[in-house]
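# Quick one, fold the following:
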Amino acid sequence: MARRPRPKIVTLSDAAAARVKEIMSERDAGYLRVGVKNGGCAGMEYVMDYAEAPDALDERVEDNGVEIIVDAKAVLFLLGSQIDYEVSPLHSKFVFKNPNQTDACGCGESVTIAPFVDADE
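Numbers count the residues shown, from 1 in each chain. The predicted model follows:
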């Protein structure tokens, strides 16, 4: 039986891709690094950084013209997520739209994320 294709770990909206490309060009960075870390009142925080090269165990994804590297420990927490870039009169920020997120703190700085479970397996 053929396995269905695995969804991309993370994708970028057009707005997020445009902003990431702009920042990467300014910083002369080769990759966008995304992941999660323990912290905050809800338990986890999303992290984004720029990197020159992936680490040995990183997962690599290309989306919307951006090379993305994902920390191997974060894959099950981020699978199926989209990163968007929102601009309002009071702020501009990257926002994770994650189907695995189950809760968030009131200030929006930390989240609760359940690891991805494939219902078909």
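
# Run through the helices of the chain in chain order.
Secondary structure of the chain (DSSP state H): helices at 14-27, 75-78.

# Buried by neighbour count: which residues of the last one qualify?
In other words, helix 75-78. 75, 77, 78 (16 or more other CB atoms under 10 Å). Bear in mind the C-beta positions are built from the backbone N, C-alpha and C, glycine included.

# show me the residues around the first one that make contact.
This means residue 75. Residues in contact with residue 75, defined by CB atoms under 8 Å, 6 or more residues apart in numbering, are 9, 59.

# how close does the residue most central in space within the chain sit to residue 98?
Closest to where the C-alpha atoms of the chain average out (CA atoms, centre = their mean) is residue 34, at 4.9 Å. As judged by CB to CB, to the nearest Å, residue 34 and residue 98 stand 11 Å apart.

# anything in contact with each of the two?
residue 78.

# about what we covered before: tell me who's in contact with the residue nearest to the centre of the chain.
10, 46, 47, 48, 68, 69, 70, 71, 74, 78, 83.

# In those residues, which has the lowest confidence score?
Among the contacts of residue 34, residue 46 has the lowest pLDDT, at 88.

# pretty sure that one is touching residue 100, no?
No - using CB atoms under 8 Å as the test, residue 46 is too far from residue 100 to be in contact (11.6 Å).

# higher neighbour count, the two?
In this view residue 46 and residue 100 are compared by other CB atoms under 10 Å, and residue 46 has more residues nearby, 23 against 19.

# Enumerate every residue touching the nearest residue to that one once chain neighbours are set aside.
Nearest residue to residue 46 in three dimensions, chain neighbours excluded: residue 96, at 5.0 Å (CB to CB, 6 or more residues apart in numbering). For residue 96, the contact set (CB under 8 Å, 6+ apart) comprises 46, 78, 81, 82, 83, 111.
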